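S.K.: Here is a sequence together with a model predicted from it:
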Amino acid sequence: MANDRFLLSRRGLIGGLTSSSALMLTGCGQSQPPTYGNLLRMGDNFTYAMQRSLLSPAALVREYDRSEVTSMPATGTYDPAVASTGAHDPQAGHDYAMLRKGAFADWRLEVSGLVDRPASFSLADLQRLPRRTQITKHQCEEGWSAIAEWTGVPLHSLLTACGIQPAARYVEFYTFDKNADNIDMIDALHPQTLLAYGMNGRDLPIGHGAPLRLRLERQIGYKSLKFLRRIVVSDRFQDLGNIKGGWAWYNGI
């Protein structure tokens, strides 16, 4: 599994182009692409189309041995309860502080939108779902990388438990540190897309997004949002990247 990568072939290329074309028609909104006419977002469309054309939807990133785990800095918001420029919502920060004080016993992850069974999951609920542990490389947009072990529930397991409706195209994530972002269903259902509550054999640390963070291994690190509080399944693309300062919607690796 460590070297299970997609090997590009003529047949794979043709198949990828076909599936990508269909996805661009059905998975990016009814009449407009993810840019919604924003010229600054044109690069998103190009990157997205190329990645989907050249790589199999099932392609796996490399997984490593435990002996290869490295140190990994906690970047971005370290603690939502502490005010910081551009990344602090006073009410959300207060809520997070109260939850942290109670060891996250009262924390819930809300799942709503285009699902048959909207639900609110405690950390214990998530830990009872099928779990996965993977050792992968975090590729930061700032140019550094680190290898860490992540344990959690595959996002596809959670969505399956809630019943994904046929019209679903995107999954939106909202956090305690004033961030939000979304991914398409190909990445949402990928086996390595994880809702992680553990890191390197321990509970997820505060600085790395406790009690729950997204691990989106096939995109650059900033897409793996920390401090999750709510998930919404939708049939429409929203440019949630504007919330965090205009970062690209899609940045596959």
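M.R.: Structure's in. What do you need?

S.K.: Asn45 belongs to a helix?
M.R.: Yes. Under DSSP: H, G, I helix; E, B strand; the rest coil, Asn45 sits within a helix.

S.K.: Could you check how far it is from Asn182?
M.R.: Counting by C-beta to C-beta, to the nearest Å, the separation of Asn45 from Asn182 is 15 Å. No exception for glycine: its C-beta is placed from N, CA and C like everyone else's.

S.K.: okay, those two: which has more neighbours?
M.R.: With neighbours defined as other C-beta atoms under 10 Å, Asn45 and Asn182 compare such that Asn182 has more, 26 against 16.

S.K.: What residues does the more buried one make contact with?
M.R.: Asn182 sits next to Tyr170, Val171, Glu172, Phe173, Ser234, Phe237, Gln238, Leu240, Trp249 when contact means C-beta atoms under 8 Å, 6 or more residues apart in numbering.

S.K.: which one among those gets closest to Thr193?
M.R.: Using C-beta to C-beta, Val171 is the member of these that lies nearest Thr193, at 9.2 Å.

S.K.: beta partners of that closest one?
M.R.: Beta-bridge partners recorded for Val171 (DSSP bridges): Ile183, Val233.

S.K.: Just list the residues touching it, thanks.
M.R.: Residues counted as contacts of Val171 (C-beta under 8 Å, 6+ apart) are Leu155, Leu159, Asn182, Ile183, Met185, Ala188, Ile231, Val232, Val233, Ser234.

S.K.: at 7 Å instead, please
M.R.: Residues near Val171 by C-beta atoms under 7 Å, 6 or more residues apart in numbering: Asn182, Ile183, Ala188, Ile231, Val233.

S.K.: Would you mind measuring from the residue nearest to Ala248 when sequence neighbours are not counted to Glu172?
M.R.: Among residues not flanking Ala248 along the chain, Asp44 sits closest, at 5.2 Å (C-beta to C-beta, 6 or more residues apart in numbering). Distance, Asp44 to Glu172, by C-beta to C-beta: 16 Å.

S.K.: Same question for Leu155.
M.R.: Relative to Glu172, Leu155 is positioned 12 Å away (C-beta to C-beta).

S.K.: So between the two, which is more surrounded?
M.R.: Neighbour count, other C-beta under 10 Å: between Leu155 and Glu172, Leu155 has more, with 24 against 19.

S.K.: is it true that Gln173 touches Arg215?
M.R.: Careful, residue 173 is Phe and not Gln. No. If you go by C-beta atoms under 7 Å, Phe173 and Arg215 don't touch, sitting 11.7 Å apart.

S.K.: Would you enumerate the residues in contact with the residue lying closest to Phe227 once chain neighbours are set aside?
M.R.: Leaving aside its sequence neighbours, Phe227 sits nearest to Phe176 (C-beta to C-beta, 6+ apart; 4.1 Å). The contact partners of Phe176, by C-beta under 7 Å, 6+ apart, come to Pro80, Ala92, Tyr96, Phe227, Arg229.
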